[in-house]
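Undergrad: pasting the structure only:
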């Protein structure tokens, strides 16, 4: 019986939906691609940050964080109106950025102590991706928040 080496190798099983796959991103980073990848395939973001470091991806992630939190701040500021319409977005975006800077050292230290082999730049990118995903979720729920406040005002 003569079998080739490729016949004895097990085939790779198909991916399970919802499974975190660490594979390269298909194209160059663009805002739409980064947002879609962040929502659908977060493992690709982590893979790119760890293996194919390019400055464009963290810059897009930081932009998503700042613009997303500013958009959420605009929704929050619209509840009060007046100067809060521009003050709230600025405060929330700056507060989020300061929170990232405060949490980064301890995140990196505990990542190293847990035995994960990740560089500081990868941890920065993963933290930006996590906060960016939070910003996208806040934007996604903004219409619900603004609708709730409008119905609350009708009752008063």
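TA: All right, it came through fine. In this text, all values refer to a predicted model and were calculated from it rather than measured experimentally.
Undergrad: Next secondary structure element downstream of the helix-or-strand element of the chain with minimal mean pLDDT?
TA: Within the chain, no helix or strand scores below helix 5-8, which has a mean of 60 by mean pLDDT, DSSP states H and E. Sequence order places helix 31-40 as the next helix or strand after helix 5-8, per DSSP states H and E.
Undergrad: same for that following helix, what does it pack against?
TA: helix 42-51, helix 56-80, helix 120-155 (3 or more C-beta pairs under 8 Å, 6 or more residues apart in numbering; DSSP states H and E). C-beta: built from backbone N, CA, C; applies to glycine.
Undergrad: Now do it against helix 56-80, angle only.
TA: If you take axes from the mean of the first three to the mean of the last three C-alpha atoms, to 10 degrees, helix 31-40 sits at 80 degrees to helix 56-80.
Undergrad: List the buried residues of helix 31-40.
TA: Using 16 or more other C-beta atoms under 10 Å as the test for burial, helix 31-40 gives 33-35, 37-38.
Undergrad: Tell me the confidence at the closest residue to residue 103 other than its chain neighbours?
TA: Once flanking residues are discounted, residue 103 sits nearest to residue 127: 7.1 Å by C-beta to C-beta, 6 or more residues apart in numbering. Residue 127 carries a pLDDT value of 96.
Undergrad: which ones are touching residue 127?
TA: Contact analysis of residue 127 by C-beta atoms under 8 Å, 6 or more residues apart in numbering lists 100, 103-104, 107.
Undergrad: Good, we can wrap up now.
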